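Engineer: quick one: sequence plus predicted model below, questions after.
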Amino acid sequence: MHRRISPLILLCGSLLVACTSTPATTAGSASEAATTEASQATQGSTSAPTSVGPTEASGVSTTGLDSDAGSATMGSTVTVSGSSTQDGTAGTDGTAGTTDGTGGTTGALTACGNGVMEEGEECDDGNLIADDECTAACKKPFCGDGMPQMTEQCDDGNQVPDDDCTNFCTIPVCGDGVAQPQLGEACDDGNQVPDDGCTVGCKLPACGDGVPQMGEECDAGADNGPGKACLTGCKNNVCGDMDKGPGEGCDDGNQVDDDACGNNCALGSCGDGKINVGEPCDDGNQLNTDACTNNCTLAKCGDSFVQPPETCDNAALNSDSAMCTSLCKLAKCGDGLLFAGTEQCDNGALNAPNTLCLPGCVKNVCGDGDKGPGEQCDLGVKNSNTGTCHLDCKLDVCGDGKAGPLEGCDDGNKLGGDGCSAFCVKEVACAGKIYQCGNGIDDDMDGKIDLADAECTSPCDDSEKSFQTNLPGQNADCKSDCYWDANSGAGDDKCEWNLKCDKLNPGASVGCAYDPAYKMCGLMMPSQCLDFCVPLVPNGCDCFGCCQIGAKFYYLNSGPDCSLNNLAACNQCTFFDNCANKCEPAKCELCFGQDIKDLPAECNETPACPNGVACVSESDCLGDEFCQTGCCAKVQPL
């Protein structure tokens, strides 16, 4: 039957709207629309739908609305208008009523979803979302209300625990504590303990299910049975149960140890601890390194097993020339046995330095740095045919044809006059003649030969024991020419200085005493003199033989006893600055009368020669040169 619905509860799509219809009211000019959504329609009514059309008097406008008693058709839209007074103003408080005699309104409209909790509502969150914390019916959600919420897996609205949705609104699973027969569960104790009264698969335990339970010794499931580790009755297969189980050689079920099956369920064999026929021993263990091998044979060298005191055993490969000797000892250097391919020699305790076999079991050979039998020397990689120890491990000696570090030459003989003296010192000729300072002989026996002797001014000097050259006519008169050209007379050098002009009187001993009245004492030399003589002057000397030795200047032609070791026999002289070669030790120049060790430490025993080639000995210079105060100089003819 048709009836008027007041309040009218409509389900419009997913919106639920509560509204009041009063015929006496008229629609106002201001209207408040509430669009609501419902997720559930009330069930239980079978009455015919009532069709309500739009009416101006009712104050409620509906579009396409069919209503049952207590339910609304899904998919409709409902608009709820507020009431208006007779003076034309519309109410805005969400209420609608009938008009009284004064023009006011009476009655109230209750709307679930308006955000205001009103009478009959448990909550009102201002929306009609069914599955949040307040349902579309303004009720607080709970498990069992028939409406699944976000925190629920299901909700069938009943309290039946073993159907498709539990009383906790969860999908039933094995282990949730509720046996679900329809899911094939025989039990469900809510835990994951496999060996209690209910398995983790929710089955009642039984022997053969593969899970050892209380009262069962084992359970291998389908693998239970005779000959298996777990017998049919879920008992462990053990020695003595008459069932030959895994790891047993036999099982006769008795305790007779000397029959075919021992009490340990093993057939009599090597390793059972009993000496059987054909066994020299049987210690019952699996050690090959003790006195009885795993083959039940007595241990011995050559059986391939290492037993103390053996350090190796390669069986048939044992050999005194192999890694494992015939005595089962590891080969080592010093054992007196030659390990082929590894040792070059082995003389046992006789291995030692300077012997045929060195401590590393290598042969002593020339070049190994160890002076062995038959070798004169051995400097290893320092062996050299120009060194003190030659490549053949022979000491360098004069006459061997190999110029060593202490030799200026070595022509393979000990004859002089052929360019290399009998002492292997290079001979330097002066105008085709050999003088003491170029003959390669230590004439004054002071341990220094030729130009290594400070008294030798050049190869054209015939006296090793004094600064005086002893050459015929060398500055025998008062007139001095270039002292370093090894001849007497100013004809070729245009240099001339008279000893009588020197206030220090260097010529007094040769009849040329200082004469203050002497007029030929010019201090300026012609350019021809400077160009010819100055390049010949050694460091620290002037053109006329006056040289600085220490802090004083000495005249080299003072007499036959004037030498570096007897400067008292040398006359002092005035240094002729205008024709000289001053020495500069700070620049590593080697001064007259000095040797290489007199250089400053920062020079590292290396002389400097700004205008030529530096040298330490004649071997550093060309064949027509000699080494003079650290510089290679040309030999000047007489």
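Structural biologist: Here it is on my side, so go on.

Engineer: if you skip the residues just before and after it, what's nearest to V537?
Structural biologist: N581 (4.1 Å; C-beta to C-beta, 6 or more residues apart in numbering). Where you see a C-beta, it was placed from the backbone N, CA and C, and this is true even at glycine.

Engineer: contacts only, for the one you found.
Structural biologist: V534, V537, P538, N539, G540, C541, D542 (C-beta atoms under 8 Å, 6 or more residues apart in numbering).

Engineer: give the bridge partners for it, please.
Structural biologist: C541 (DSSP bridges).

Engineer: any idea how far it lies from Q528?
Structural biologist: Applying C-beta to C-beta, to the nearest Å, the value for N581 to Q528 is 17 Å.

Engineer: go on, M147?
Structural biologist: 135 Å.

Engineer: between the two, who's got more neighbours?
Structural biologist: For M147 and Q528, the more surrounded residue by other C-beta atoms under 10 Å is M147, and the numbers stand at 18 against 12.

Engineer: my read: the more buried one touches C134, true?
Structural biologist: No: here M147 does not reach C134: they are 11.7 Å apart, not a contact under C-beta atoms under 8 Å.

Engineer: please point out which parts of stretch 511-521 sit buried.
Structural biologist: Across stretch 511-521, burial judged by 16 or more other C-beta atoms under 10 Å covers C512, Y514, D515.

Engineer: so which of the residues you listed sits lowest on pLDDT?
Structural biologist: pLDDT is lowest at C512 among these; the value there is 89.

Engineer: residue contacts, that one?
Structural biologist: For C512, the contact set (C-beta under 8 Å, 6+ apart) comprises D477, C478, N498, L499, K500.

Engineer: give the buried subset of those residues as a PyMOL selection command.
Structural biologist: Of those, the buried ones go into a single PyMOL selection, burial set by 16+ other C-beta under 10 Å:
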select buried, resi 478+498+499+500
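
Engineer: now, among the contacts of C512, which is nearest to D156?
Structural biologist: For the contacts of C512, the residue nearest D156 by C-beta to C-beta is L499; the value is 146.1 Å.

Engineer: quick revisit: among the contacts of C512, which lie within strands?
Structural biologist: Counting by DSSP state E, those place N498 in strands.

Engineer: ok, so of the contacts of C512, who is nearest N347?
Structural biologist: L499 (77.8 Å).

Engineer: nearest residue to K140 in space, please, no chain neighbours.
Structural biologist: E122 (4.8 Å).

Engineer: run through the residues that contact the one you found.
Structural biologist: E122 neighbours (C-beta under 8 Å, 6+ apart): C134, C138, K139, K140.

Engineer: do the same with C627
Structural biologist: L451, C615, V616, S617, E618, D620, C621, A633 are the contacts of C627 under C-beta under 8 Å, 6+ apart.

Engineer: any idea how far K203 is from the closest residue to it other than its chain neighbours?
Structural biologist: Leaving aside its chain neighbours, C627 sits nearest to C615 (4.0 Å; criterion: C-beta to C-beta, 6+ apart). With distances taken as C-beta to C-beta, C615 is found 110 Å from K203.

Engineer: what about those two, which has more around it?
Structural biologist: Using other C-beta under 10 Å as the criterion, C615 and K203 rank with C615 on top: 22 against 15.

Engineer: that one is in contact with T629, isn't it?
Structural biologist: No: assessed by C-beta under 8 Å, C615 is found out of contact with T629, at 9.5 Å.

Engineer: mind listing the shared neighbours of the two?
Structural biologist: Joint contacts of C615 and T629 (C-beta under 8 Å, 6+ apart) are P607.

Engineer: tell me where this protein has helices.
Structural biologist: Along the chain, the segments classed as helices by DSSP state H run 527-533.

Engineer: below-threshold pLDDT in it: ranges please.
Structural biologist: For the chain, the stretches with pLDDT under 70 are 1-110, 258-260, 473-476, 486-491, 636-638.

Engineer: show the buried residues in the contacts of E122.
Structural biologist: C134, C138.

Engineer: can you lay out the contacts of E122 as CSV showing distance to G197?
Structural biologist: As requested, the contacts of E122 are exported to CSV (distance: C-beta to C-beta, whole Å):
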residue, distance to G197
C134, 44
C138, 47
K139, 42
K140, 40
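
Engineer: for K634, name its beta-bridge partners.
Structural biologist: In beta-bridge terms (that is, DSSP bridges), K634 pairs with E625.

Engineer: I'd like to know how far it sits from G623.
Structural biologist: From K634 to G623 the distance is 11 Å (C-beta to C-beta).

Engineer: which one of these two has more residues nearby?
Structural biologist: Using other C-beta under 10 Å as the criterion, K634 and G623 rank with K634 on top: 15 against 10.

Engineer: pretty sure that one contacts E625?
Structural biologist: Yes: assessed by C-beta under 8 Å, K634 is found in contact with E625 at 5.9 Å.

Engineer: what about Q286, neighbour count?
Structural biologist: Residues near Q286, counting by other C-beta under 10 Å, number 8.
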